[in-house]
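Q: This is the structure alone, sequence omitted:
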Ligand SMILES: NC(=O)c1ccc[n+]([C@@H]2O[C@H](COP(=O)([O-])OP(=O)(O)OC[C@H]3O[C@@H](n4cnc5c(N)ncnc54)[C@H](O)[C@@H]3O)[C@@H](O)[C@H]2O)c1
Ligand SMILES: N[C@@H](CCC(=O)N[C@@H](CSCO)C(=O)NCC(=O)O)C(=O)O
Ligand SMILES: [Zn+2]
Ligand SMILES: [Zn+2]
């Protein structure tokens, strides 16, 4: 029986309150309105940003909500005026939209899109500023415009990347966030050149994708910095050439790196979300040209600081969202690169669980033993 135009009742993991386990329960998902797409989510991974918001650290975090933003699925139905995707298409929902019309999209200077950001930041859809999710009549907010911890979700059509149906959805779901972020931070934001020295702070999925990107860009030295030494062996496989554990040194870690690299690295990347490490990452850069890219997401109220002299003397401080990739155009290209074995994806998947086991997946994420856990939602 067709579900087109009807409310769908399905399972979703609802975050009713910050710092509480998710409840996997029935929710109602409204049909897509004009410019919207309803997607059957087949697979979703967990990213540390989901955990950050669940912990109550996100200034935009709203409850109750359905978290999740690293996923893949199949279009169930489309709303009025949607022509770029149709039922049956394989897609990756993107938390960063690409309308191709707004000031941001047209600028050529950024991958950020301004069209629907005011709605996605407050958990609603752009069309009527309302949510498409509810549970027994109670509204549940969207998250990051994606809300993939659900068997069905509704997203804006400008946030949907149509991908090659040959690609396995249980793998390419990872191309919704962490891997593109790390690769793109190197290729699009820093633009690392052959022969560069690079330091990576934090060797989780994002840091390892930075290492993979830096290796592909021809970096000479790729220094991995982590307080967990169990990360080091695995990191070698992604391109890290040497390791520093800040706990093994009395000096500030930036001094250790500056001494080890004849004045500092050409590029550094903060992949943790720790503002004090962000300072170290900037200050380990070479005078005159070293560039540091902030990727990690810091908690509400946190601020970065350094001596302005660090910037006066030529270091550059940058940040990146989704690695600077324009979502709808960039994600299908990354899927093709994966199919041609030009980028790793499978190697980042350390665990597979079901949607009903989502709280165990969060525990794994916090254990430090998990890169990405893929939840099999409906396959
Ligand atoms: N900007 C973006 O677009 C974007 C996209 C995805 C993720 N993120 C953010 O990137 C960050 C990293 O994500 P992840 O999934 O790789 O996280 P992760 O938790 O898997 O990895 C973090 C790593 O940092 C290490 N670490 C923690 N404290 C440290 C310290 N003081 N010094 C050195 N190492 C330390 C941990 O041992 C771990 O290996 C998170 O803040 C996440 O929210 C940002
Ligand atoms: N909502 C937070 C910031 C969270 C944040 O910085 N999100 C990153 C993506 S993290 C993905 O795992 C991002 O891309 N931000 C840009 C955007 O949201 O448009 C806050 O308000 O501080
Ligand atoms: Zn993420
Ligand atoms: Zn736009």
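A: Sure, I can see it. What you see is a predicted model; the values in this text were computed from it and never measured. Ligands and ions are numbered 1, 2, ... in the order given.
Q: The closest residue to residue 59 other than its chain neighbours: neighbouring residues, count only.
A: Closest residue in space to residue 59, ignoring its immediate chain neighbours: residue 300 at 4.3 Å, by C-beta to C-beta, 6 or more residues apart in numbering. Backbone N, C-alpha and C define where each C-beta goes, glycine included. Applying other C-beta atoms under 10 Å, we find 11 other residues in the vicinity of residue 300.
Q: Quick one: neighbours of residue 119, just the number.
A: If you count neighbours by other C-beta under 10 Å, residue 119 ends up with 18.
Q: Leaving out sequence neighbours, find the closest residue to it.
A: Excluding its sequence neighbours, the residue lying closest to residue 119 (C-beta to C-beta, 6+ apart) is residue 126, at 4.2 Å.
Q: likewise residue 66?
A: Nearest residue to residue 66 in three dimensions, chain neighbours excluded: residue 147, at 4.0 Å (C-beta to C-beta, 6+ apart).
Q: cool, residue 274 as well?
A: With C-beta to C-beta, 6+ apart as the measure, residue 296 is the residue that lies nearest to residue 274, at 6.6 Å, once sequence neighbours are left out.
Q: Likewise for residue 129?
A: Take residue 129 and drop its neighbours on the chain: the residue closest to it by C-beta to C-beta, 6+ apart is residue 119, 6.4 Å away.
Q: and the one you found, that's in a helix?
A: Yes. Secondary structure assignment (DSSP: H, G, I helix; E, B strand; the rest coil) places residue 119 inside a helix.
Q: Which pLDDT does the model give it?
A: pLDDT for residue 119: 98.
Q: quick one, helices of this structure?
A: Secondary structure of the chain (DSSP state H): helices at 48-54, 103-107, 117-120, 169-172, 178-184, 205-216, 232-236, 253-260, 275-283, 308-312, 327-339, 358-367.
Q: helices or strands up against the fifth one?
A: If you count contacts as 3 or more C-beta pairs under 8 Å, 6 or more residues apart in numbering; DSSP states H and E, helix 178-184 packs onto helix 205-216, helix 327-339.
Q: Could you list every helix and strand in contact with the shortest one?
A: Using 3+ C-beta pairs under 8 Å, 6+ apart as the contact definition, the elements that helix 205-216 packs against are helix 178-184, strand 197-201, strand 221-225, helix 232-236, strand 267-270.
Q: Close to ligand 2: what parts of the stretch 101-250 of the chain are there?
A: Taking C-beta under 6 Å from any ligand atom as the contact definition, the stretch 101-250 of the chain meets ligand 2 at 112, 117, 177.
Q: how about the nearest residue to the residue minimising distance to the centre of the chain, chain neighbours excluded?
A: Note on the chain: the residue nearest the mean C-alpha position is residue 177, at 2.9 Å, using C-alpha atoms, centre = their mean. Leaving aside its chain neighbours, residue 177 sits nearest to residue 70 (4.1 Å; criterion: C-beta to C-beta, 6+ apart).
Q: ok, now residue 34?
A: In space, and not counting its chain neighbours, residue 34 is closest to residue 80: 4.1 Å by C-beta to C-beta, 6+ apart.
Q: Residue numbers of the protein in contact with ligand 4?
A: Contact residues, the chain versus ligand 4 (C-beta under 5 Å from the ion): 99, 102, 105, 113, 115.
Q: Go ahead and confirm the last one touches residue 127.
A: No. Taking C-beta atoms under 8 Å as the contact criterion, residue 115 and residue 127 are not neighbours in contact, 11.9 Å apart.
Q: which ones are touching the closest residue to ligand 2 within the stretch 51-200 of the chain?
A: For the stretch 51-200 of the chain, the residue closest to ligand 2 is residue 60, as judged by C-beta to the nearest ligand atom, at 3.9 Å. Contacts were defined as C-beta atoms under 8 Å, 6 or more residues apart in numbering; by that measure residue 60 touches 53, 121, 122.
Q: what do you get for residue 109?
A: With contacts defined as C-beta under 8 Å, 6+ apart, residue 109 has no neighbours.
Q: rewinding a little: got the phi/psi numbers for the residue of the stretch 51-200 of the chain closest to ligand 2?
A: Note on residue 60: its backbone torsions stand at phi -100, psi 0 [degrees, to the nearest 10].
Q: What's the per-residue pLDDT of it here?
A: With respect to pLDDT, residue 60 has a value of 96.
Q: re earlier: now the contacts of residue 60 as CSV including neighbour count?
A: Formatted as CSV, those follow (neighbours: other C-beta atoms under 10 Å):
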residue, neighbour count
53, 24
121, 13
122, 13
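Q: Out of the residues you listed, which is nearest to residue 267?
A: When the contacts of residue 60 are compared for distance to residue 267 (C-beta to C-beta), residue 53 comes out closest, at 28.7 Å.
Q: For the nearest residue to that closest one once chain neighbours are set aside, grab the count of nearby residues.
A: Computed as C-beta to C-beta, 6+ apart, the closest residue to residue 53 that is not its neighbour in sequence is residue 61, at 4.4 Å. When neighbours are defined as other C-beta under 10 Å, residue 61 has 19 of them.
Q: Next: residue 17.
A: By the measure other C-beta under 10 Å, the count of residues near residue 17 is 12.
Q: Nearest spatial neighbour of it, chain-adjacent residues omitted?
A: Here the nearest residue to residue 17 in space, its sequence neighbours aside, is residue 63; by C-beta to C-beta, 6+ apart that works out to 5.5 Å.
Q: okay, how far is it across stretch 121-131, tip to tip?
A: Between the opening and closing residues of stretch 121-131 there is a gap of 12 Å (C-alpha to C-alpha, to the nearest Å).
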